[in-house]
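> no sequence on this one, just coordinates:
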């Protein structure tokens with residue numbers, strides 16, 4: 001295969017994987033947008049509505065490692081396709097529930113489908129994309145997820161307002177089926193590690209987990225915990241913190257978050273190209289962490305007009321976006337190819353832990369009446385991330 005053919009096939013593979021990733025993220029952001037409609041329909045409290053999201057999050061977090069095992073055993077292609085069908089089916093069935101309680105088992109099914117995304121995506125990209133382009137592949141794949149998250153709430157709400165929330169759910173579910181069937185028909189060009197010859201002395205599931213849980217992967221596990229704390233802290237509590245700290249209108253504070261999210265998506269895209277051209281990925285990661293941490297402290301410590309806060313948080317969002325492809329390349333350097341799915345499942349579990357802890361930690365900070373400390377804690381999280389990057393790592397070798 002010539003370099004031009006290899007590049008063309010890599011683009012096709014990346015398009016397939018990114019489309020599936022975008023679909024999963026589209027569904028994830030559709031759920032919160034539908035909660036007000038569920039509340040009106042079923043007359044339940046916001047606490048009960050939160051059970052939907054909590055059930056989905058707990059299921060996804062608990063199944064990351066088992067799904068990673070399935071990816072390494074059977075390949076990322078089949079696991080991803082099954083996961084996308086599960087997402088489409090469970091989301092579509094929400095339109096038929098007669099009572100709120102039926103949403104809970106559907107969210108378990110939905111969470112199980114969502115758990116397939118990260119291990120299978122990473123494994124397929126690692127196996128299918130040329131090494132010189134893999135950083136861009138990680139960046140583009142994540143950028144499509146950000147874009148899908150941005151369009152999901154306004155699209156699903158618009159359909160629900162014009163017609164009905166059940167119609168909106170069915171429309172989104174139909175979209176999922178069309179995308180998944182379309183991906184399945186093109187799946188033959190995708191390579192994954194299920195075709196790799198298996199050693200006769202393959203380790204058992206628990207033996208391999210113990211072998212993978214080395215100091216190197218433990219650092220990435222910790223990295224994902226505190227990275228998720230930072231991400232969820234910014235996304236969930238920045239608006240409330242700025243409204244209280246700077247006495248800003250909610251519309252202006254929401255504009256800060258919007259700017260952060262948009263520039264973060266652009267940073268992810270740019271970061272993919274940067275890590276392919278600059279091989280010192282640790283230096284890139286540290287530079288982005290130091291820069292964004294300093295900017296978080298500035299927002300918390302210095303009185304400044306909202307326009308300047310938007311600029312500062314936009315730069316911080318860009319740096320946080322660039323960080324993600326650098327992080328992925330650092331992981332790729334130490335994880336054995338034959339166990340990539342399982343290793344990603346382990347670190348993704350760390351992200352689930354951080355995501356679950358963030359509402360409690362940052363909610364307590366705001367309840368204590370110290371909104372500036374939200375930004376200081378965000379910066380402290382990034383200091384911990386810097387430490388995990390600086391700790392020397394070696395490639396994990398399975399016995």
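Structure received. Source: prediction; values computed, not measured.
> Please count neighbours and contacts with C-alpha atoms only from this point.
Will do.
> What are the structural domain limits within this structure?
3-188, 205-390 (automatic domain parsing).
> what mean pLDDT does the first one have?
This means domain 3-188. For domain 3-188, mean pLDDT rounds to 83.
> now the last one
Over the span of domain 205-390, the pLDDT mean works out to 86.
> Might you calculate how far it sits from the centre of the chain?
11 Å (CA atoms, centre = their mean, to the nearest Å).
> Of all the residues in the longest helix that the chain contains, which ones are buried?
With DSSP state H applied, the helix covering the greatest number of residues in the chain is identified as helix 3-42. Neighbour counts over helix 3-42 (16 or more other CA atoms under 10 Å) mark 9-10, 13-31, 33-38 as buried.
> still on that earlier bit, possible to save the domains of the chain as CSV with distance to residue 396?
Below are those laid out as CSV (distance: least, CA to CA, whole Å):
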stretch, distance to residue 396
domain 3-188, 16
domain 205-390, 6
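> who's in contact with the closest residue to residue 385 other than its chain neighbours?
Distances taken as CA to CA, 6 or more residues apart in numbering place residue 223 nearest to residue 385, at 5.4 Å, with adjacent residues excluded. Contact analysis of residue 223 by CA atoms under 8 Å, 6 or more residues apart in numbering lists 350, 384-385, 388.
> distance of residue 223 from residue 116?
21 Å (CA to CA, to the nearest Å).
> can you check residue 141 too?
If you measure residue 141 against residue 116 using CA to CA, the figure is 15 Å.
> Helices of the stretch 251-399 of the chain, start to end?
281-301, 306-334, 340-367, 371-390 (DSSP state H, counting those that start in this stretch).
> And those: which comes nearest residue 248?
Across the helices of the stretch 251-399 of the chain, the minimum distance to residue 248, taken as CA to CA, is reached by helix 306-334, at 7.7 Å.
> so what does that closest one touch, helix or strand wise?
The contact analysis (3 or more CA pairs under 8 Å, 6 or more residues apart in numbering; DSSP states H and E) places helix 306-334 against helix 134-162, helix 215-245, helix 250-277, helix 281-301.
> Give me the neighbour count for residue 88.
Burial measure for residue 88: 27 neighbouring residues, criterion other CA atoms under 10 Å.
> wait, isn't it in contact with residue 173?
Yes - checked against CA atoms under 8 Å, the pair residue 88 and residue 173 is within contact range at 5.1 Å.
> residues contacting residue 324?
Neighbours of residue 324 in contact, by CA under 8 Å, 6+ apart: 139, 268, 271.
> Pull out the buried members of the residues you listed.
Counted by 16+ other CA under 10 Å, the contacts of residue 324 give 139, 268, 271 as buried.
> show me the contacts for residue 26.
Contacts for residue 26 were tallied using CA under 8 Å, 6+ apart; they are 145, 148-149, 151-152.
> could I get these as a markdown table with distance to residue 333 and neighbour count?
Shown next, in a markdown table, are the contacts of residue 26 (distance: CA to CA, whole Å; neighbours: other CA atoms under 10 Å):
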| residue | distance to residue 333 | neighbour count |
| --- | --- | --- |
| 145 | 24 | 20 |
| 148 | 29 | 21 |
| 149 | 29 | 21 |
| 151 | 34 | 13 |
| 152 | 34 | 21 |
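> Identify, from the contacts of residue 223, the entry nearest to residue 284.
Checking the contacts of residue 223 one by one against residue 284 (CA to CA), the nearest turns out to be residue 385, at 12.8 Å.
> on that earlier part again, next, the angle from whichever helix or strand comes after the longest helix of the chain to helix 3-42.
For helix 3-42, the following helix or strand on the C-terminal side (DSSP states H and E) is helix 46-74. Angle of helix 46-74 versus helix 3-42, following axes from the mean of the first three to the mean of the last three CA atoms, to 10 degrees, is 150 degrees.
> buried sites along helix 46-74?
49, 52-73.
> if I look at residue 394, how far off is residue 276?
Counting by CA to CA, the gap from residue 394 to residue 276 is 21 Å.
> between those two, who's got more neighbours?
Of the pair residue 394 and residue 276, residue 276 is the one with more neighbours under other CA under 10 Å, namely 20 against 12.
> Could I get the contacting residues of that one?
Taking CA under 8 Å, 6+ apart as the test, what residue 276 contacts is 132-136.
> Ok, residue 305 next?
Counting by CA under 8 Å, 6+ apart, there are no residues that residue 305 touches.
> And it, its phi and psi?
Dihedral pair for residue 305: phi -60, psi 160, per degrees, to the nearest 10.
> what about it, distance to residue 103?
Counting by CA to CA, the gap from residue 305 to residue 103 is 44 Å.
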